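Trainee: here are the coordinates; sequence isn't available:
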């Protein structure tokens, strides 16, 4: 971190710039594309050649100062001779536990390593003695138990991907109270309060600010490796991410000086990499060139995703997406509660003794889960202090029984994908398993069994697939031309969740159903529910619930000037439009008024909410009730 950086509050001072490392120079006079005609000056009396030479040198020096901007990077002649760099977007996969970054180097995707020669870097930020450090430069190795204890000491914040953009009533946030840093909730639908322990004092921050600090370190690492500034990035996100969470990710990137070109669902990024490999096989005369259907299953520490992709000729179409908030963190929490039956009472509150004890238990449980991948049984022996000791032998059958609910969720999203794609297991050509949890034997056997396959696709690295696909998309979105045709790829994306508005009381009327091809535009007709109703409330939601309150509230606005008429006679059109960059816009207005004039349509970009999006729905219901409600007409406008 820069000297003088104050982490609290975690906003950089105004003097700190997020701009690229080098300031572009303004062209000197001799570099300009045009020049003014020179004036012929008459030499003054008593002038001499020596004076004229001095005067020319003095004028040239003044002109150079006029057109040159001083830069901190003006050090060596080597910098001055470097050509302009290609502005290729990097690919970033920010996992719940680990992060990786890749870039297209001109002929292939290259994963970048940190100073410890690691491709996978721990996703955490350490607050210690008023200084900041991120897992980008460190990254605790498995054999370094001392560094692992530092991360779990209360001074580090991790799992940002699980916490960002969530309300304090969310079950994921409630489960995060057992993490070895402070997570407090009020239970009223606002952002949770998180804090790190610095000099025996809790210092508050937000998940977005922690992620921004991490991305800032990651950006510096990439620029050091590439030797030029980095501006654009493509990030992978879970399928279950709401649009509100996506805006939080974009905000964190902006704070770190990164412009987000794309936010790609992780299975979509894997599908792009799969399409490139299939295209390469066709070019090498090793493939048939026919359409191949792949089921992609991705499970990491925080999320579980599934997708069905149809690939042919470098084009990959996402036919179905499904995801949930189940991952390795939930498996870890289940095993911790299993080996310590009084877990909730023992760790109620975050004192120093409890944080230290929880860290020891967490480390021992993580080690046991990793060993169970290759062993039949594993023994957990740990002294938690204060007379609490754990001695437990864990085998595969017990492990699977404890985590049966998580495996059921995995089975549900896979079956949902097959149903949405209108496919049966026999239609699947390849099964692609990615993510850290894909190594768990039960996960592998579950996915392969549901798809009726014996082996999974072997040509994709489970831990590098998502970031490699993001780097490919970064090169494509940056307009990079590859003579070999490796970037002649296209991914046709789909919406992972329903988008609609509240209507018919508290019902959710889906206007754009999930798995609709993007870009998309859909319309639906509504009508008034009260006589002489002149206003209507448009509350936009995203999710899979049948009731509006079971989904994510993205925003709201009112339509005014509706002609006074009996209920059910005025038709109101609500149109939702998703463009190629995944921006959602909502249009609404009266299309067939029973009055003399038609009020103009309203266009609103979603989401419109910032904080407090949990209690906004309750406040709207309390304020207006059903006085501004709409009802769905059976007839719909054609898209």
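Mentor: Noted; the coordinates are in hand. The structure displayed is predicted, hence computed values, not measured ones.
Trainee: elements contacting the helix or strand that contains residue 321?
Mentor: In the assignment (DSSP states H and E), residue 321 maps to strand 315-324. In this structure, strand 315-324 makes packing contacts with helix 266-283, strand 304-312, helix 404-420, strand 490-492, judged by 3 or more CB pairs under 8 Å, 6 or more residues apart in numbering; DSSP states H and E. Using the backbone N, CA and C atoms, a C-beta is placed for each residue, glycine as well.
Trainee: quick check: mean pLDDT across the helix or strand just after that strand?
Mentor: The helix or strand immediately downstream of strand 315-324 is helix 328-339, counting by DSSP H and E. Helix 328-339 shows a mean pLDDT of 94.
Trainee: now the helix or strand following helix 328-339: buried residues?
Mentor: Proceeding N to C from helix 328-339, the next assigned helix or strand is helix 343-346, under DSSP H and E. Residues of helix 343-346 classed as buried by neighbour count (16 or more other CB atoms under 10 Å): residue 343.
Trainee: quick check, pLDDT for the most centrally placed residue in the chain.
Mentor: By CA atoms, centre = their mean, the chain has its centre lying nearest to residue 237, at 3.7 Å. As summarised for this prediction, residue 237 has a pLDDT of 96.
Trainee: residue 126 now?
Mentor: 90.
Trainee: gap between it and residue 183?
Mentor: 17 Å (CB to CB, to the nearest Å).
Trainee: these two: which is more packed in?
Mentor: Neighbour totals were compared for residue 126 and residue 183, and residue 126 leads with 23 against 20 (other CB atoms under 10 Å).
Trainee: can you classify the more buried one as helix, strand or coil?
Mentor: Three-state assignment for residue 126 (DSSP: H, G, I helix; E, B strand; the rest coil): strand.
Trainee: list the residues that contact it.
Mentor: 132-134, 138, 150-151, 155-156 (CB atoms under 8 Å, 6 or more residues apart in numbering).
Trainee: circling back: which of the helices and strands packed on strand 315-324 is buried the deepest?
Mentor: strand 304-312 (a mean of 26; mean count of other CB atoms under 10 Å).
Trainee: what helices and strands are in contact with that strand?
Mentor: Against strand 304-312 (3+ CB pairs under 8 Å, 6+ apart) you get helix 266-283, strand 292-299, strand 315-324, helix 404-420.
Trainee: paired strands for it, with orientation please.
Mentor: Here strand 304-312 has these sheet partners by DSSP bridges: strand 292-299 (antiparallel), strand 315-324 (antiparallel).
Trainee: what angle do it and helix 266-283 make?
Mentor: Strand 304-312 runs at 30 degrees relative to helix 266-283, counting by axes from the mean of the first three to the mean of the last three CA atoms, to 10 degrees.
Trainee: from the chain's centre, how far out does strand 304-312 sit?
Mentor: 18 Å (CA atoms, centre = their mean, to the nearest Å).
Trainee: out of the helices and strands packed on strand 304-312, which gets nearest to residue 398?
Mentor: Nearest to residue 398 among the helices and strands packed on strand 304-312 is helix 404-420 (10.9 Å), distances taken as CB to CB.
Trainee: next one: phi and psi at residue 437?
Mentor: Phi and psi for residue 437, reported as degrees, to the nearest 10, are phi -80, psi -10.
Trainee: hang on, it packs against residue 300?
Mentor: Yes: here residue 437 reaches residue 300: they are 6.3 Å apart, a contact under CB atoms under 8 Å.
Trainee: any residues in contact with both of the two?
Mentor: Counting by CB under 8 Å, 6+ apart, the residues touching both residue 437 and residue 300 are 327-328.
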